[in-house]
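K.L.:
Would you be able to build a 3D model of this:
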Amino acid sequence: MCKDTHKCCREILPKDELLSRMEGKWYVVQSNLKLWQGNRKPKISYGKHRDGYVEDTVAYKSEGWCSGWVKSKIKGWDKIIKEKNGKLSLQWRGTGLLCWVTSDWKFQAIGKTNGEEWAIITFDKTAFTTAGADIFCRNKTISKESLRDIQSVIDSDKEISKYTKLNGGMFYCMHKDMTKCKLYNPESNNTPDS
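P.N.:
This next block holds a predicted model:
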């Protein structure tokens, strides 16, 4: 584990390298977006960037009226607004019936702890959601070591810290089974498996 997390685990990358590292599937392991408390197994996939845009697919399971848990997807495009100090500002726009919906968000931090890749994003308020933050991991669960490093990044960055404290704080999003989301307590460094 890193002794000075902010310098050695959080990576400050140029825009093209950051966009390349964003690509692929990320599991939302922590969030304060209330949408994830009523739904399960959230994951986000980013496609290759081209012409200043990144394809974005959000997938999760939602409870159907009569049919149990149903797979749901929201597709959109992220327009790259700017990059500064390893942070990427983007604007999401939905597709299909959601083509009029937009959301401003930031890919705030990316890092690795013992080979486990993680990221922190923040998002502004929209007509449908509150402002908040998500913690991503390439795995369905996240280690205590990664959580400690992520918490160090959050504590050292006022902007990220502000977003993670909204909506009553962060909670875990479950991926192993269909249990309800658990509230995260950074003081105890608890994980869903502890």
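
K.L.:
Which helix or strand lies directly C-terminal to the strand or helix carrying Asp104?
P.N.:
Assigned by DSSP states H and E, Asp104 belongs to strand 102-113. Beyond strand 102-113 on the C-terminal side, the first helix or strand identified by DSSP H and E is strand 116-123.

K.L.:
Tell me how far whichever helix or strand comes after that next one lies from the chain's centre.
P.N.:
Once strand 116-123 ends, the next helix or strand along the chain (criterion: DSSP H and E) is strand 132-137. Averaged C-alpha coordinates place strand 132-137 at 3 Å from its chain's average position (Cα atoms, centre = their mean, to the nearest Å).

K.L.:
which other helices and strands contact the next helix or strand after strand 132-137?
P.N.:
Sequence-wise, the next helix or strand downstream of strand 132-137 (DSSP H and E) is helix 144-156. Helix 144-156 sits against helix 5-8, strand 102-113, strand 116-123, helix 158-164, with contacts defined as 3 or more Cβ pairs under 8 Å, 6 or more residues apart in numbering; DSSP states H and E. For every residue, glycine as well, the C-beta is placed using N, CA and C.

K.L.:
out of those, nearest to Gly52?
P.N.:
Nearest of the helices and strands packed on helix 144-156 to Gly52, taken as Cβ to Cβ: strand 102-113 at 14.7 Å.

K.L.:
before we move on, the earlier item: Ser146 is nearest to which of the helices and strands packed on helix 144-156?
P.N.:
Taking the helices and strands packed on helix 144-156 one by one with Cβ to Cβ, strand 102-113 is closest: 4.2 Å.

K.L.:
Show me the beta-bridge partners of Lys75.
P.N.:
Thr57 (DSSP bridges).

K.L.:
I'd assumed Tyr46 was in contact with it.
P.N.:
No - Lys75 is beyond contact range of Tyr46, at 11.8 Å (criterion: Cβ atoms under 8 Å).
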